[in-house]
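>>> Need the 3D shape of this:
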Amino acid sequence: MRKIYLIYISPPPVGDIMRVHTKRDDVIKRLARIEGHLRGVRQMMEEDKSCPDVLLQLAAVRAAIDRVSRLIFEDHVETCVTKAIKEGTGESAVAELKEALARFL
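Residues are numbered from 1 along each chain as shown. Next up, the predicted model:
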């Protein structure tokens, strides 16, 4: 006769799931806007728009990318790093974060 074992794994709190998906959805929407904005910059170049106008739009794209990067960084610290610290693996999570920041900056 086979024994069947049932393991109950409690789901994460609903608030955490909603917060993560909300941030994720926000990042995805922002990236889509940035993608559209960048296509507009390419079109400006194809239409031979003035260089200062193109540079202004590129500065706007860069600022938008910086905002998305900040959101991802904040979310990582609030979720992944915090979880790692609670689980006792905080040192490796912080080292990984420092390495990612070094590449990013």
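>>> was I right about Val68 contacting Arg30?
Yes - if you go by C-beta atoms under 8 Å, Val68 and Arg30 touch, sitting 4.9 Å apart. All C-beta spots, glycine's among them, are computed from the backbone N, C-alpha and C.
>>> Backbone torsions only: list them for Leu101.
With angles defined as degrees, to the nearest 10, Leu101 shows backbone torsions of phi -70, psi -40.
>>> Distance-wise, check it relative to Pro52.
Shown here: Leu101 relative to Pro52, a distance of 32 Å by C-beta to C-beta, to the nearest Å.
>>> average pLDDT for stretch 46-55?
Average pLDDT, stretch 46-55: 97.
>>> where do the helices sit along this structure?
Defined through DSSP state H, the helices belonging to the chain, from first to last, are 14-46, 51-76, 82-87, 90-104.
>>> what comes up buried for the second one?
Pointing back at helix 51-76 there. Neighbour counts using 16 or more other C-beta atoms under 10 Å place 57, 61, 64, 68, 75 of helix 51-76 among the buried residues.
>>> Please name the nearest non-neighbouring residue to the first one.
Pointing back at Gln57 there. Take Gln57 and drop its neighbours on the chain: the residue closest to it by C-beta to C-beta, 6 or more residues apart in numbering is Val41, 4.8 Å away.
>>> cool, and the last one?
Closest residue to Asp75 apart from its sequence neighbours, by C-beta to C-beta, 6+ apart: Lys23 at 4.9 Å.
>>> Can you get me a residue count around that neighbour?
Each residue near Lys23 was counted by other C-beta atoms under 10 Å, and the total is 16.
>>> Check the one 5 residues further on too.
If you count neighbours by other C-beta under 10 Å, Ile28 ends up with 11.
>>> residues contacting it?
Counting by C-beta atoms under 8 Å, 6 or more residues apart in numbering, Ile28 touches no other residue.
>>> Need the pLDDT of Phe104.
According to the model's per-residue confidence, Phe104 sits at a pLDDT of 87.
>>> Geometric centre of this structure: which residue is closest?
Against the mean C-alpha coordinate of the chain, by C-alpha atoms, centre = their mean, the closest residue is Ile72 at 3.0 Å.
>>> Pull the contacting residues for the closest residue to it other than its chain neighbours.
What sits nearest to Ile72 in space, not counting adjacent residues and going by C-beta to C-beta, 6+ apart, is Val27, at 6.2 Å. The contact partners of Val27, by C-beta under 8 Å, 6+ apart, come to 68, 71-72, 75.
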